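*Asks:* With the input below, show me the fold.
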Amino acid sequence: MTEPAYVAETRTAYDTVAESYAETLKDALDESTWDRAVLAAFAEQVGKSGRVGDLGCGPGRLTGHLAALGLDVFGVDLSPGMVEVARRTHPHLRFDVGSMAALDLPDGSLAGALAWYSLIHTPLERLPALVAELARVLEPGGRLLTAFQVGDERRRITNAYGHDVEADAYRLRPDFVADLFTAAGLVVDVRLVREAEEHEKTPQAYLIARKPLV
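*Replies:* The predicted model follows:
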């Protein structure tokens, strides 16, 4: 099957910025009370009884954070460059190269899934299938947490973290994402929108959903 052009563009862009991205964002969690609070709530809900996938993990900064919170967590990312940085930075954790759209995981195998700013490069018409894949790998009662920039537009990114790149990114409406989760059979328990912090251009949203027990 021919790979969609947006997938190749996204992979190349993140391979290009991997080192700079990791260095720039290494302390970002220290600067956002809300990010830490939402991740802590997610970790508490998931508990320590099952595996958690950080899907679109980048250099593994949140994978490491969730591991420090006591979760049995691993990372998956489309970018081999990002995975290389993640493995070097967190040698005690597992990281795999892979696609969120076709996860190499059995049905119902995860107690939790994190999609932290990792839905944003998928065209809107392809998001239902992507969210259905995330729902597939969750066990009954499992939680899915996503975060994204709020808006209703496609942006063409040509420079990021000091590098020339070519990739699209989508700002998303919380109601739109919630509807995607509902259509995939998930129940949305939390919707939180916060105003932009100093370095951000738009409000940011967090959604936590769960897979019903029956």
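*Asks:* tell me which element residue 115 falls in.
*Replies:* Per DSSP states H and E: residue 115 is located in strand 110-116.
*Asks:* Equivalent analysis for residue 24, please.
*Replies:* Per DSSP H and E: helix 5-25 holds residue 24.
*Asks:* list the helices and strands that helix packs on?
*Replies:* With contacts taken as 3 or more Cβ pairs under 8 Å, 6 or more residues apart in numbering; DSSP states H and E, helix 5-25 sits against helix 80-89, strand 153-160, strand 163-171. Any C-beta I mention is one placed from the backbone N, CA and C, and that applies to glycine too.
*Asks:* Pretty sure residue 17 sits against residue 166.
*Replies:* No. Judged on Cβ atoms under 8 Å, residue 17 makes no contact with residue 166 at a distance of 11.9 Å.
*Asks:* what about this protein, any weak spots by pLDDT?
*Replies:* Flagging of the chain using pLDDT under 70 yields the residue ranges 1.
*Asks:* Pairing partners for the longest strand anywhere in it, with directions?
*Replies:* Ranked by number of residues, the top strand in the chain under DSSP state E is strand 138-149. Using DSSP bridges, the strands paired with strand 138-149 are strand 110-116 (parallel), strand 204-210 (antiparallel).
*Asks:* For that strand, list every residue counted as buried.
*Replies:* Neighbour-count burial for strand 138-149 flags 138, 139, 141, 142, 143, 144, 145, 146, 147, 148, 149 (criterion: 16 or more other Cβ atoms under 10 Å).
*Asks:* Please apply the same query to stretch 197-204.
*Replies:* Here stretch 197-204 shows residue 204 as buried, counting by 16+ other Cβ under 10 Å.
*Asks:* Over to that stretch now: how far is its first residue from its last?
*Replies:* With Cα to Cα, to the nearest Å as the measure, the first residue of stretch 197-204 is 9 Å from its last.
*Asks:* Packing partners of the helix or strand where residue 135 lies?
*Replies:* Assigned by DSSP H and E, residue 135 falls within helix 127-137. Judged by 3+ Cβ pairs under 8 Å, 6+ apart, helix 127-137 is in contact with strand 110-116, helix 174-183.
*Asks:* Out of these, which one sits most buried?
*Replies:* strand 110-116 (a mean of 25; mean count of other Cβ atoms under 10 Å).
*Asks:* outside of it, which residues touch it?
*Replies:* 42, 45-47, 49-57, 62, 66, 71, 100, 134, 137-139, 141-147 (Cβ atoms under 8 Å, 6 or more residues apart in numbering).
*Asks:* again, but for stretch 77-84
*Replies:* 7, 10-11, 14-16, 18-19, 21-22, 56-59, 75, 86, 95-100.
*Asks:* re the thing from before, let's have the helices and strands packed on helix 127-137 in CSV, adding distance to residue 195.
*Replies:* Compiled in CSV, the helices and strands packed on helix 127-137 are given as follows (distance: least, Cβ to Cβ, whole Å):
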stretch, distance to residue 195
strand 110-116, 19
helix 174-183, 14
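*Asks:* Check the gap between residue 167 and residue 150 for me.
*Replies:* As for residue 167, its distance to residue 150 is 19 Å (criterion: Cβ to Cβ, to the nearest Å).
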